[in-house]
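Colleague: When you get a sec, could you give me coordinates for this:
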Amino acid sequence: MERFFPPKDCSSKTKNMRNLHIEGLLLMAVLMVMLSSSMMLIGRAFFEILFFNTGLSADLMYSNQGEMSEMLENGNMYDMLTYEPEFSPLYEAYSSAMKILSVTGYILAFLSIAGSIVLLILMKIVCRRIAEDATPVKNPVMVKKTAYVWLGFLLGCFGGQFFLYNNKKAIVFLCMGIIGMMFPVFILYTTGISFADAFLACFISKDENGMITIEDYPYWI
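Modeller: As a prediction, the model looks like this:
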């Protein structure tokens, strides 16, 4: 991992690997947006449940709550039916904020779903190009396909698949994954790179022993 990006004069296979890793990072970023929008919608619904199940909701909602309570105590039911309540400025501000939050959450959710689908399609195309490219890899290693794919998908954020062939890179990714529990940018990186590698392995044919040949990729992206 001497360089961040591969050199400009690298092979087409290496360039496709770089593009695949970039798309994997973008996919993780889009999924983070999807998670944030989902939490936004859930939080809005939870907050409204708490708000409307408290005794303060009516007092905060109407500016003329006292007049309504007085008519109710005096038994003026007809006046109650024809009376038009006035929403308080606080409630109107709250209602506007909730509408904006809801619309923003739904827009981000739908856009992130569409973006995820597009990125997965693009990654699939790049994976096929790499798998069909006959250019020899520079640092070939043999790994068990099933173990590599599952470790990449499930424990890739901690570099699980790298423990099969590169302990140095595995330890680096493990440390970054642990740090990423506090600083998400690190775990976003490790997850994006690992997902891309595991996704690529799905398109590489295995031999009779279930082994595949992959490249011990020396670059960060």
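Colleague: secondary structure class for Val143?
Modeller: Here Val143 is recorded as strand under DSSP: H, G, I helix; E, B strand; the rest coil.
Colleague: Count the residues that sit near it.
Modeller: 22 (other CB atoms under 10 Å). The C-beta positions use only the backbone N, C-alpha and C, and glycine is treated the same way.
Colleague: which non-adjacent residue is nearest it?
Modeller: Among residues not flanking Val143 along the chain, Leu164 sits closest, at 4.8 Å (CB to CB, 6 or more residues apart in numbering).
Colleague: surely the one you found meets Thr146?
Modeller: No - counting by CB atoms under 8 Å, Leu164 stays clear of Thr146, with 11.0 Å between them.
Colleague: circling back to that earlier point, could you check the pLDDT of the residue nearest to Val143?
Modeller: As predicted, Leu164 sits at a pLDDT of 94.
Colleague: cool, Ser37 as well?
Modeller: pLDDT, Ser37: 85.
Colleague: gap between the one residue sitting closest to the centre of the chain and Pro184?
Modeller: Geometric centre of the chain, nearest residue: Leu31, 2.1 Å, by CA atoms, centre = their mean. Using CB to CB, to the nearest Å, Leu31 is found at 12 Å from Pro184.
Colleague: same thing with Asn19?
Modeller: Counting by CB to CB, the gap between Asn19 and Pro184 amounts to 24 Å.
Colleague: Those two: which has the busier surroundings?
Modeller: Asn19 (18 against 13).
Colleague: quick one, what contacts the closest residue in space to the more buried one that isn't next to it in sequence?
Modeller: Nearest residue to Asn19 in three dimensions, chain neighbours excluded: Val126, at 5.6 Å (CB to CB, 6+ apart). Counting by CB atoms under 8 Å, 6 or more residues apart in numbering, Val126 touches Asn16, Asn19, Leu20, Glu23.
Colleague: what's the most distant pair in the residues you listed?
Modeller: Spanning the widest gap among the contacts of Val126 are Asn16 and Glu23, at 10.3 Å by CB to CB.
Colleague: These two: which is more packed in?
Modeller: Using other CB under 10 Å as the criterion, Asn16 and Glu23 rank with Glu23 on top: 24 against 20.
Colleague: what helix or strand is the more buried one on?
Modeller: helix 12-52 (DSSP states H and E).
Colleague: So which elements touch that helix?
Modeller: When contacts are defined as 3 or more CB pairs under 8 Å, 6 or more residues apart in numbering; DSSP states H and E, helix 12-52 packs onto helix 89-132, helix 184-201.
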